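Peer 1: A predicted structure for the sequence below; I have some questions about it.
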Amino acid sequence: MLITDWLQRAADHSPERIAMEDIATGERLSYAAFDRRVGRIAWSLRERFQPGDRIAILAQNCFAHLELLFACARAELILVPLNWRLAAAELRQIVHDCRPSLLVHEPDFSAAAISAVDGIDCVSMTLGDPQGYEAMEADAAGAIAVMTPRRDDDLWMLLYTSGTTGQPKGVMQTFGMVYVNAVNTFISGKVLAGDVFLNVLPFFHTGGLNLYTLPVLMTGGTVIIERRFDPAVTLARLSQDVVSMFAVPAIYLTLANHPDFAAAHFPRLRNLSVGGAPIPPAIGEAFAAKGLVVAPSYGMTEAGPTIFASDPETAARKPLSVGKPVGAALIRLVDRDGHEIRGAGRGELQLAGPVVTPGYWNRLAATRDAIKDGWLNTGDVAVRDDDGDIFIVDRLKDMFISGGENVYPAEVENFLYDLPDIAEAAVIGVPDSRWGEVGLAIVVPKAGMTIEPDRLRTACREHLAAYKVPQHVRIVDALPRTPSGKVEKHKLRDQLLSKQ
């Protein structure tokens with residue numbers, strides 16, 4: 001299958017319609033202007049770099065993310081949106097893995113950008129600098145009006161997600177994946193031409209790009225961009241012209257608990273979706289009082305992410321269900337022996353079809369472990385009821401989700417073991433009313449040493465992203481282990497959570 005340039009198509013059909021609006025600055029960009037800027041930036045990129053080179057961006061949400069994404073499509077380059085929440089050492093690890101030829105960054109992240117590219121051949125360019133990023137568009141001597149149709153297996157972007165070993169992995173997202181996800185989103189979200197979508201998630205996250213930003217741009221709708229989530233700003237804009245929004249549970253809870261929520265009125269809202277973490281019933285109840293249904297969904301960076309999306313009727317009847325698979329997504333449940341479970345039952349959820357990534361960048365072994373015979377192992381336990389609706393009930397892996405961000409205990413544990421006063425460490429996710437889950441570190445001190453929980457958390461904050469820092473610390477004499485030496489985390493959960 002060949003994928004065409006849908007930005008250029010949208011510009012042909014609706015040149016004067018607003019494609020993007022930046023809430024922070026008030027700047028608006030029509031499809032015609034968006035298309036022109038992308039064409040000229042793509043021309044400059046193609047003059048400087050070779051097909052297949054990576055182009056990274058380190059910035060909070062702004063037009064440049066989407067300009068570079070479509071410019072990379074036209075110049076046959078690969079975009080790498082970087083997580084600005086990460087510590088410098090974590091960013092450096094990712095940058096040295098994907099080895100970009102260009103890193104575009106905001107001025108606030110200059111120090112992190114310089115540190116990240118140290119030792120590799122990479123040009124740094126500052127957003128807002130007339131001699132930097134803006135010069136690419138201003139100085140372009142030509143324009144790529146239409147991209148050459150791309151194969152569905154051509155790589156478009158790398159979205160980094162942490163691994164169970166603590167090593168970040170670049171999920172390869174192809175043109176076909178993004179296109180099929182958009183079609184799935186059209187089906188589940190009933191996206192229409194002219195829809196106004198409010199984006200509150202970061203663009204380094206698959207939820208920020210693929211739910212629903214890129215599908216809305218494919219139809220010629222308008223994407224309202226928040227630089228960072230702000231509850232008062234979000235409620236104010238939802239009360240105007242916004243038709244749809246996707247967010248993680250922590251954002252919906254923050255909105256529902258905000259002083260402005262009670263009096264807020266949402267005249268055009270018809271599509272509110274939630275995913276990325278377990279969904280507290282309080283979310284549905286708060287918005288139901290205003291006549292709105294918040295529909296749960298499920299996906300992964302490695303697949304879709306539009307795999308399941310509950311329709312409003314199902315969401316109202318079964319608020320914990322993610323519904324049925326959408327569009328081109330193939331799913332199955334398997335038992336411990338790998339045998340498929342037909343009909344109602346419980347098992348590990350596996351995914352297949354054109355929604356699934358070809359693998360992880362530079363990680364052949366990890367790809368082989370994750371995808372077998374075309375089926376992606378999610379590590380999630382799901383229940384299918386007699387109606388065919390799916391409930392995500394547990395995870396086989398130790399990963400937990402805090403505020404929509406994946407946290408892998410091995411990564412935090414590896415850091416804790418480097419602290420001089422810790423002999424043993426284990427990290428588990430525990431329920432939290434605001435973030436869904438947060439980290440609980442269970443640590444054993446070295447002989448004759450004392451662990452101060454506040455100092456431990458301070459050390460973590462200096463080297464890890466904030467959402468990875470354990471909010472709770474328990475000090476114990478020993479960790480329960482199997483005969484082979486593995487920590488029995490299920491016993492830790494049972495012991496510690498029963499005491500809370």
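Peer 2: Received, thanks. Predicted, not measured: the structure shown is a model, and the values here were computed from it. Residues are numbered from 1 along each chain as shown.
Peer 1: tell me the domain boundaries of this structure?
Peer 2: The chain breaks down by automatic domain parsing into domains covering 2-384, 400-497.
Peer 1: show me how far the last one is from its chain's centre.
Peer 2: Just to be clear, that refers to domain 400-497. With CA atoms, centre = their mean, to the nearest Å as the basis, domain 400-497 stands 24 Å off its chain's centre.
Peer 1: do a quick rundown of the helices in the stretch 151-300 of the chain.
Peer 2: 175-189, 206-210, 213-218, 231-238, 249-256, 281-288 (DSSP state H, counting those that start in this stretch).
Peer 1: reformat the ones you listed as CSV; add mean pLDDT.
Peer 2: Formatted as CSV, those follow (pLDDT from 0 to 100):
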stretch, mean pLDDT
helix 175-189, 94
helix 206-210, 94
helix 213-218, 96
helix 231-238, 97
helix 249-256, 88
helix 281-288, 86
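Peer 1: can you say which of those is nearest to Asp12?
Peer 2: helix 213-218 (13.0 Å; CB to CB). Placement of C-beta: from N, CA and C, glycine included.
Peer 1: which other residues reach the closest one?
Peer 2: Helix 213-218 has contacts (CB atoms under 8 Å, 6 or more residues apart in numbering) with 6-7, 10, 19, 66, 178, 181-182, 185-186, 189, 191, 195, 197, 199, 203, 222-223, 244.
Peer 1: show me where the stretch 351-500 of the chain has its helices.
Peer 2: 364-370, 409-417, 453-463, 489-497.
Peer 1: neighbouring contacts of the third one?
Peer 2: Which is helix 453-463. 87, 89, 412, 415-416, 419, 422, 441, 443, 468-471, 473, 475.
Peer 1: swap in the shortest one?
Peer 2: Helix 364-370 is contacted from outside by 163, 169, 302, 358-360, 376-377, using CB under 8 Å, 6+ apart.
Peer 1: mind checking how far that helix is from the chain centre?
Peer 2: 21 Å.
Peer 1: looking at the contacts of helix 453-463, which is nearest Lys318?
Peer 2: Closest to Lys318, out of all of those and judged by CB to CB, is Gln471, at 30.8 Å.
Peer 1: these two touch, right, the closest one and Glu437?
Peer 2: No: at 9.9 Å, Gln471 does not count as touching Glu437 under the criterion of CB atoms under 8 Å.
Peer 1: wait, what's in contact with the nearest residue to Pro81 once chain neighbours are set aside?
Peer 2: Leaving aside its chain neighbours, Pro81 sits nearest to Phe204 (4.0 Å; criterion: CB to CB, 6 or more residues apart in numbering). For Phe204, the contacting residues are 81-84, 159-160, by CB under 8 Å, 6+ apart.
Peer 1: hmm, back to that, pull out the buried residues from the contacts of helix 453-463.
Peer 2: Using 16 or more other CB atoms under 10 Å as the burial test, the contacts of helix 453-463 include 87, 412, 415-416, 422, 441, 443, 468-470, 473 as buried.
Peer 1: buried ones among the contacts of helix 364-370?
Peer 2: 163, 169, 302, 359-360, 376-377.
Peer 1: which one of these is nearest Ile120?
Peer 2: Ile120 lies nearest to Lys169 out of these, by CB to CB, at 18.7 Å.
Peer 1: looking at strand pairing, list the partners for that closest one.
Peer 2: On the basis of DSSP bridges, Lys169 is bridged to Thr161.
Peer 1: how near is it to Thr357?
Peer 2: 10 Å (CB to CB, to the nearest Å).
Peer 1: next: Asp195.
Peer 2: Computed with CB to CB, the distance linking Asp195 and Thr357 is 27 Å.
Peer 1: top helix in the chain by residue count?
Peer 2: helix 31-48 (DSSP state H).
Peer 1: contacts for that one?
Peer 2: Here helix 31-48 has contacts from 7-8, 10-11, 14-20, 29, 55, 66-68, 70-77, 101-102, 123, 136-137, 139-145, 147, 220, using CB under 8 Å, 6+ apart.
Peer 1: which parts of that helix are buried?
Peer 2: Residues of helix 31-48 classed as buried: 31-46 (neighbour count, 16+ other CB under 10 Å).
Peer 1: so where's this structure uncertain?
Peer 2: 145, 162-166, 278, 394-395, 482-486, 497-500 (pLDDT under 70).
Peer 1: how about the strands in the stretch 301-450 of the chain?
Peer 2: 303-309, 330-334, 340-341, 345-352, 371-372, 375-384, 390-395, 400-402, 405-407, 422-432, 436-445 (DSSP state E, counting those that start in this stretch).
Peer 1: now, of these, which is deepest in the fold?
Peer 2: strand 303-309 (a mean of 30; mean count of other CB atoms under 10 Å).
Peer 1: which strands and helices lie in contact with that one?
Peer 2: On a contact count with 3 or more CB pairs under 8 Å, 6 or more residues apart in numbering; DSSP states H and E, strand 303-309 meets helix 175-189, helix 206-210, strand 294-300, strand 345-352.
Peer 1: most neighbours per residue, which of these?
Peer 2: strand 294-300 (a mean of 26).
Peer 1: before we move on, the earlier item: mind picking the two most distant members of the buried ones among the contacts of helix 453-463?
Peer 2: Ala87 and Val443 (20.3 Å).
Peer 1: wait, which of the contacts of helix 453-463 is closest to Val322?
Peer 2: Within the contacts of helix 453-463, the smallest distance to Val322 is 25.6 Å, found for Lys468 (CB to CB).
Peer 1: ok, Ala465 touching Glu90?
Peer 2: Yes: under the criterion of CB under 8 Å, Ala465 makes contact with Glu90 at 6.8 Å.
Peer 1: what do the two both touch?
Peer 2: Asn83.
Peer 1: not counting its neighbours along the chain, what's nearest Val242?
Peer 2: That would be Leu198: by CB to CB, 6+ apart, it lies 4.5 Å from Val242.
Peer 1: tell me the bridge partners for that neighbour.
Peer 2: In beta-bridge terms (that is, DSSP bridges), Leu198 pairs with Ile224, Met245.
Peer 1: distance check, it against His65.
Peer 2: Distance, Leu198 to His65, by CB to CB: 16 Å.
Peer 1: same check on Val191?
Peer 2: Distance, Val191 to His65, by CB to CB: 20 Å.
Peer 1: and what of Ala88?
Peer 2: 21 Å.
Peer 1: and those two? Which one has more around it.
Peer 2: For Ala88 versus His65, neighbours defined as other CB atoms under 10 Å are more numerous around His65 (22 against 15).
Peer 1: and Thr301, what does it touch?
Peer 2: Thr301 is in contact with 159, 161, 171, 173, 206, 357, counting by CB under 8 Å, 6+ apart.
Peer 1: reformat these as CSV; add distance to His265.
Peer 2: Below are the contacts of Thr301 laid out as CSV (distance: CB to CB, whole Å):
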residue, distance to His265
Leu159, 36
Thr161, 38
Val171, 39
Gln173, 37
Thr206, 31
Thr357, 41
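Peer 1: report how many residues lie close to the nearest residue to Val117 once chain neighbours are set aside.
Peer 2: Closest residue to Val117 apart from its sequence neighbours, by CB to CB, 6+ apart: Leu103 at 5.6 Å. Around Leu103 there are 26 other residues, counting by other CB under 10 Å.
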